[in-house]
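# model the following, please.
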Amino acid sequence: MRFQNSRPRNASALVALIFFVAVNLFAAKKTNVSPTAAPDRGYSANAQNWPEIPNLEFITRLRLEEYDHSQVMDIMSHLVDQIGSRLTGSPSMKKANEWTRDELTRWGLVNSHLEAWGPFGRGWDYQLCEVRMIAPDDMQFLALPEAWTPGTNGPLRGEVVQVIATTAADFDKYRGKLAGKIVLFGEARLPNPSDKPVFNRATDADLAKTAQFEPSSLANRPDPATIKRFQFQADTIKFFTDEHVAAVLDITRTPGDDGAIQLQAGGYYEKGKTVAFPRVTLSVEHFGRTARLLAHKVPVQVELNVETRFYDDDPMSYNTIAEIPGVDPKLKDQVVMLGGHMDSWHASEGATDNGVGVGVSMEAVRLLKKLGVQPRRTIRIALWSGEEQGLLGSKGYVKEHFGSRPISTDPNYQVVPEWLRPTAGPLELKPDQKLISAYFNLDNGPGKILGVFLQENAQVRPIFEKWMEPFRDMGMTTLTMRNTYFTDHIAFDDVDIPAFQFLQDGLDYGLTHHSNQDSYEHLRPDDLKQAATILAGFVYDAAMCDEMIPRKPIRPDDPPGKDEKDEEGK
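Residues are numbered from 1 along each chain as shown. Below you'll find the predicted structure:
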C-alpha cells in the first residue's frame, strides 16, 4: 500500500489502521505486560520485557500528517537551491548552520544552537572553473576544481604533459621535466558497459541477501593497501610541488561516466599544508581525448581559469543542535538522538549526500512538534559537519560529551587521516554517555527506508520488529545484523551507545554520490515522505517506551571505560 495525497485513500488507510489498533490493543490487554525496573547501567538488558506494540493511534496521525501536509520538499529546496553546496568550513556551510538553527527554533524546539568542534582548518570554496583545449582543437572541457587547492590567478595557458605513476619510484623518469607544465595525471579509461539500469529499486531477493549476516571486514587498524594509498597521495603532492608544475588535471573518480564528475579534495585543509598548484578534475571523456592525442604525439595546449578562495577567519567548524524537552520526571534527562550530516562536496548542491539526511531529520522533528508530542525522554536533533573528512563533527561531539579512546601515535599510521588510525588505550567515558538511549542516522542517499542495520546488536531485533510493523505496508521490512560504516552513527557506536543507520533503497545514488549530478532533481518526494514518517515513528517509540535501548555487551577483556563521575568520587 502506498499513501497518495487524496482523501479517499487516506480515509481507507485510517480505517485499516484503526482496526489494526483495536486488534492489537485487545491482544496487549491479554498479555498483561508490566515494565521492569531499569538496571544500574540505565537501560534494559532484556528486550523480552518490552511492551509488544507501539502507539498505533499516534502512528496513524503521523502518517496522515506527513502525507497530507508534508514540508520536506520545501525544506530540501531551501537547503539545496538557496544555500547550495556545503563544504565543511565554507561560507555556505556557515549559512546552512545558521538557517537550520533558526528554523528549528521557529518550529518550537529549544536550546537550538551551533556547537563548535575542532579546530578544523581552512575554509574553501570556488567561484569559477573554465578549462578548454586551445590546440590542436578548440573544445570546452567538463571540469571542476578539487577542494582546498588554489586558483590560477587569471587565465593560465600551457602545454600538457601526461604523467603515469602508481608508486613514488615511477616519478623518477619525470623528474626535472615538468616545471611550468600542465600535467595530465594518470591513465585514461573507457567506461565499462553496464547491463544494469542506473536507477533501481531493491528487490525481495536483494533484501533477503542483505538480511543475511556478514562478518565485519574492517579491522582495528588500516590495512597495508590503505596505508600505501595515502602514502602515494602524499608523495604525489610533494613531487608535483617540488617540480613546480603549473597545474594538474585528474580524471574523474569512478564510476564517473557520461559527463558525470565525481571528486573530493585535491589538497589539505590544515593550515600550513596548502598545496601550491591548482588541481582540476576532468570528465572521463575529455581526459581520454587529451590522453589519446598525447599518445599519438600530437601537442596539446589548454587554458585554465580557476578562481578559488580560502577562509581563515575561524578555524572551528560547527554542528547544529536542538531539542524537544522530555517531560517525564524520571526519564527527561535521558536522550534519544537523530540526525545526518549537513556538509557536502562542492561539485553540486549536495542533495542526496546528504541533504536528505538533514531534510528528513528536520521534517521528523517538525512532525513531532506539529502533533504536540510531549516525549518522556528528550529528543535531540544533530546536523553534523565534517563527515566527509572523516566523521569529524560527530566524533568531536561524542568526544566532548560522551567519551573517546586515545588514537595511536604509531609512526606507521601517521600518513593516514586520524579517523582511520587504530585506537590505543581504554575507553574513557563521561557521565552523559549513560543518558543516551539511541542515535538514529540517515545517510545512504534519497531512497525510502527499507529497514535498519542493527550493528550486531541482537537485543534490539524484537523491539525494532514491533516498531517496524506499522510501516511494513510502506516498504520497511528488513532488519539485518550487519554493521555498516563510514557515517556518523559510528561515532556513537564506538563509545557503547546504541546507534543505527537505516537501510535505504538504492535509486541512482551511485551516480549522484560526490558528483556534479547531486541535485534536487534526483530526489523523490514519496521516498522522503516515507523516510520522515518512519524516522519520526522510531524516535517517538524510543522516547516514549519504559526502557532505554539495550546496549551491546562488552567483552570481559575489554571492560567498561572509566566514568568521570566515578573518577571524581575516588
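
# quick one: the helices in the stretch 451-570 of the chain, in order.
Assigned helices in the stretch 451-570 of the chain, in chain order: 461-468, 489-493, 509-512, 525-544, 564-569 (criterion: DSSP state H, counting those that start in this stretch).

# format those as JSON lines; extra columns: distance to residue 282, mean neighbour count and mean pLDDT.
Placement of C-beta: from N, CA and C, glycine included. Converted to JSON lines, the helices of the stretch 451-570 of the chain look like this (distance: least, CB to CB, whole Å; neighbours: other CB atoms under 10 Å; pLDDT from 0 to 100):
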{"stretch": "helix 461-468", "distance to residue 282": "45", "mean neighbour count": "18", "mean pLDDT": "96"}
{"stretch": "helix 489-493", "distance to residue 282": "33", "mean neighbour count": "25", "mean pLDDT": "96"}
{"stretch": "helix 509-512", "distance to residue 282": "18", "mean neighbour count": "20", "mean pLDDT": "90"}
{"stretch": "helix 525-544", "distance to residue 282": "32", "mean neighbour count": "24", "mean pLDDT": "98"}
{"stretch": "helix 564-569", "distance to residue 282": "52", "mean neighbour count": "10", "mean pLDDT": "46"}
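
# quick one: which helix or strand includes residue 302?
The secondary structure element spanning residue 302 is strand 301-311 (assigned by DSSP states H and E).

# can I get the longest strand along the chain in PDB? Just the C-alpha atoms.
Across the chain, the strand with the greatest residue count (assigned by DSSP state E) is strand 123-135. Presented in PDB, the C-alpha positions along strand 123-135 are these (Å, rounded to 0.1, in the frame of the first residue of the first chain):
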ATOM      1  CA  GLY A 123      37.600  27.200   4.800                       C
ATOM      2  CA  TRP A 124      37.400  27.000   1.000                       C
ATOM      3  CA  ASP A 125      35.100  27.500  -2.000                       C
ATOM      4  CA  TYR A 126      35.400  28.200  -5.700                       C
ATOM      5  CA  GLN A 127      33.800  30.900  -7.800                       C
ATOM      6  CA  LEU A 128      34.800  29.900 -11.400                       C
ATOM      7  CA  CYS A 129      36.300  27.000 -13.300                       C
ATOM      8  CA  GLU A 130      36.800  27.200 -17.000                       C
ATOM      9  CA  VAL A 131      39.000  24.600 -18.800                       C
ATOM     10  CA  ARG A 132      39.300  24.300 -22.500                       C
ATOM     11  CA  MET A 133      41.600  22.900 -25.200                       C
ATOM     12  CA  ILE A 134      43.000  25.500 -27.400                       C
ATOM     13  CA  ALA A 135      45.300  23.200 -29.600                       C
END
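
# which strands border it, and is each parallel or antiparallel?
Taking DSSP bridges as the criterion, strand 123-135 pairs within the sheet with strand 139-140 (antiparallel), strand 301-311 (antiparallel).

# buried deepest among the ones you listed, which one?
Neighbour counts averaged per stretch over these are highest for strand 301-311, at a mean of 18; criterion: mean count of other CB atoms under 10 Å.

# identify the residues contacting it?
By CB atoms under 8 Å, 6 or more residues apart in numbering, the residues outside strand 301-311 that reach it are 89-91, 122-135, 141, 145, 148-152, 154-160, 182, 247, 249, 274, 278, 280, 290.

# any idea how far residue 181 is from residue 234?
21 Å (CB to CB, to the nearest Å).

# so for the two, which residue has more residues nearby?
When residue 181 and residue 234 are compared on other CB atoms under 10 Å, the one with more neighbours turns out to be residue 181, at 21 against 13.

# state the distance from that one to residue 308.
Separation of residue 181 from residue 308 (CB to CB) stands at 21 Å.

# swap in residue 54?
With distances taken as CB to CB, residue 54 is found 50 Å from residue 308.
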